[in-house]
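Visitor: how does the following fold in three dimensions:
(chains A, B, C and D)
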2 protein chains.
Amino acid sequence: MASEPEGELLERFRRWLRDRHLPVTQQRDLVAQVLFAGDTQLSVDDVAARLRDRRTPVGLATVYRALDTLVEAGFARAHDFGEGFRRYEALRPGHQRGFLVCGRCGQVTEFPLERLERLLSLIADEHEFVAERHRVELHGTCSACRRREMGAIARAGRPR
Amino acid sequence: MASEPEGELLERFRRWLRDRHLPVTQQRDLVAQVLFAGDTQLSVDDVAARLRDRRTPVGLATVYRALDTLVEAGFARAHDFGEGFRRYEALRPGHQRGFLVCGRCGQVTEFPLERLERLLSLIADEHEFVAERHRVELHGTCSACRRREMGAIARAGRPR
DNA sequence: CTCTCTGCAAATGATTTGCAGCCTC
DNA sequence: GAGGCTGCAAATCATTTGCAGAGAG
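Guide: Numbering: from 1, shown residues only, chains lettered A, B, ... in the order given. Next up, the predicted model:
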């Protein structure tokens, strides 16, 4: 799918580090590679596990620190869906997405934000606010869970 | 400001409990009162502190449990702005708001979601998703911080 | 009475931090 | 070399949980 921009992002991240006279270490690079290769939100443990699978293990604390750096550099974004831990996502330019979060099964579906962007930037302007990124989540019930619940209600619907 | 709907919400919450044959305890009621009276997002400690100030202290664990119940009942909503703890907000019907979160100073400004709602429900429909609530956040820089930063850049802007 | 809640203290679990040694530049 | 990383283990801290006693219906 998105195999093209991966190396480009990586190169841009390295450049960002060099520009700040920060060392381009193997571990930071590895974390960035895994994040940029992933197509979804990854938890810190996900990242660590993938690195372990690649036979290039990196300490948990280092993964945390590398992800923080990526966020600070603007190449990643942290999400919190209330699971008790964070998820990180590569931030590809112009690839903003919103989320449909099912409160029953926890499934997260994505959708493009394009249609909302005009309105969002208008709102930001009205508040003299410079928005760098948006977060849009719709919380509710996905079609599968709704079907399941409607069945349950029909079955248990009458008292006694 | 919103002194009218407060008692109404409280009464609806009590009814919700009774309907499920759950006891309407003083502690749950107190937590609900504080949450419904607050005009902003309250942390668990905020709620506990206000209860302490009111001379009706409630144990922290109980506050957590009461807030969970309120969320489950649909009268409250949990937010996570990445501060390391959650904030809870009373969920008044038809009073959905979005947030402008300043990454510099952490200030959170609210704005009404009305203009976005048509589009959001359209998107939900397209995914056969039943949305109960929305979360819209714009992350960036508020006008005050931007002004401050622009000043700093102007001062240090030229190399050498 | 029965069932659920409450409060305390202890447990949990994600994230952070201190520090000695290692690696980039 | 110097300064910033890394890894480990210990520290933090919000949130959760177990359990004995209290309260609502």
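
Visitor: contacts, neighbours, all on C-alpha from now
Guide: Will do.

Visitor: what comes into contact with stretch A:136-152?
Guide: Stretch A:136-152 is touched from outside by A:97-105, A:107, B:120, B:124, B:127-137, with contacts defined as C-alpha atoms under 8 Å, 6 or more residues apart in numbering or on different chains.

Visitor: and if we set it to 7 Å?
Guide: Residues outside stretch A:136-152 that contact it (C-alpha atoms under 7 Å, 6 or more residues apart in numbering or on different chains) are A:98-104, B:128-137.

Visitor: ditto for stretch A:20-29
Guide: Outside stretch A:20-29, the residues that touch it by C-alpha under 7 Å, 6+ apart are A:14, A:17, A:58, A:66.

Visitor: do the host helix or strand of the second one and DNA strand C meet?
Guide: Mapping residue A:17 onto the secondary structure by DSSP states H and E places it in helix A:4-19. Yes. With C-alpha under 7 Å from any atom of the strand as the threshold, helix A:4-19 lies in contact with DNA strand C, specifically through residue A:18.

Visitor: can you pull the buried residues of whichever helix or strand comes after that helix?
Guide: Sequence-wise, the next helix or strand downstream of helix A:4-19 (DSSP H and E) is helix A:26-37. Judged by neighbour count (16 or more other C-alpha atoms under 10 Å in any protein chain shown), helix A:26-37 contains these buried residues: A:27-36.

Visitor: walk me through the domains of chain A.
Guide: As assigned by automatic domain parsing, chain A contains the domains A:1-93, A:96-160.

Visitor: nearest to residue B:87, of these?
Guide: Taking C-alpha to C-alpha as the criterion, domain A:1-93 is the member of those that comes nearest to residue B:87, at 11.6 Å.

Visitor: for the closest one, give the mean pLDDT please.
Guide: In this model, domain A:1-93 has an average pLDDT of 91.

Visitor: same question for stretch A:141-159.
Guide: Confidence over stretch A:141-159 (mean pLDDT, whole number) is 70.

Visitor: which other helices and strands contact the helix or strand harbouring residue A:52?
Guide: In this structure, residue A:52 sits in helix A:44-53 according to DSSP H and E. Using 3 or more C-alpha pairs under 7 Å, 6 or more residues apart in numbering or on different chains; DSSP states H and E as the contact definition, the elements that helix A:44-53 packs against are helix A:60-73.

Visitor: up against DNA strand C, what does chain A have?
Guide: Taking C-alpha under 7 Å from any atom of the strand as the contact definition, chain A meets DNA strand C at A:18, A:21-26, A:43-44, A:60-61, A:64-65, A:84-86.

Visitor: repeat that for 6 Å
Guide: Those residues of chain A that sit near DNA strand C, judged by C-alpha under 6 Å from any atom of the strand, are A:23-26, A:44, A:61, A:64, A:84-86.

Visitor: filter those residues to the buried ones?
Guide: Neighbour-count burial within those applies to A:44, A:64, A:86; the criterion is 16+ other C-alpha under 10 Å.

Visitor: who touches the first one in this structure?
Guide: Residues touching residue A:44, when contacts are defined by C-alpha under 7 Å, 6+ apart, comprise A:63-64, A:87.

Visitor: okay if I get those residues as JSON lines plus distance to residue A:77?
Guide: Rendered in JSON lines, the data for the contacts of residue A:44 read as follows (distance: C-alpha to C-alpha, whole Å):
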{"residue": "A:63", "distance to residue A:77": "14"}
{"residue": "A:64", "distance to residue A:77": "13"}
{"residue": "A:87", "distance to residue A:77": "8"}
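
Visitor: which one of those is nearest residue B:111?
Guide: Nearest to residue B:111 out of these is residue A:87 (C-alpha to C-alpha; 26.5 Å).

Visitor: what about the closest one, distance to residue A:44?
Guide: Spatial separation of residue A:87 from residue A:44 under the definition C-alpha to C-alpha, to the nearest Å is 7 Å.

Visitor: ok, residue A:91 next?
Guide: Where residue A:44 is concerned, residue A:91 sits at a distance of 16 Å (C-alpha to C-alpha).

Visitor: try residue A:86
Guide: For residue A:86, the distance to residue A:44 (C-alpha to C-alpha) stands at 7 Å.

Visitor: one step back: separate out the buried members of the contacts of stretch A:136-152.
Guide: When neighbours are counted using 16+ other C-alpha under 10 Å, the contacts of stretch A:136-152 contain these buried positions: A:98-102, B:129-131, B:134-137.

Visitor: reformat those residues as TSV; add secondary structure and pLDDT.
Guide: Shown next, in TSV, are the buried ones among the contacts of stretch A:136-152 (DSSP: H, G, I helix; E, B strand; the rest coil; pLDDT from 0 to 100):
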residue	secondary structure	pLDDT
A:98	strand	91
A:99	strand	91
A:100	strand	91
A:101	strand	86
A:102	strand	85
B:129	coil	94
B:130	strand	92
B:131	strand	90
B:134	strand	88
B:135	strand	88
B:136	strand	93
B:137	strand	91
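
Visitor: tabulate the residues of chain A next to DNA strand C (CSV), appending distance to residue B:151.
Guide: Putting the residues of chain A next to DNA strand C into CSV (distance: C-alpha to C-alpha, whole Å) gives the following:
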residue, distance to residue B:151
A:23, 30
A:24, 32
A:25, 34
A:26, 37
A:44, 37
A:61, 36
A:64, 33
A:84, 39
A:85, 37
A:86, 34
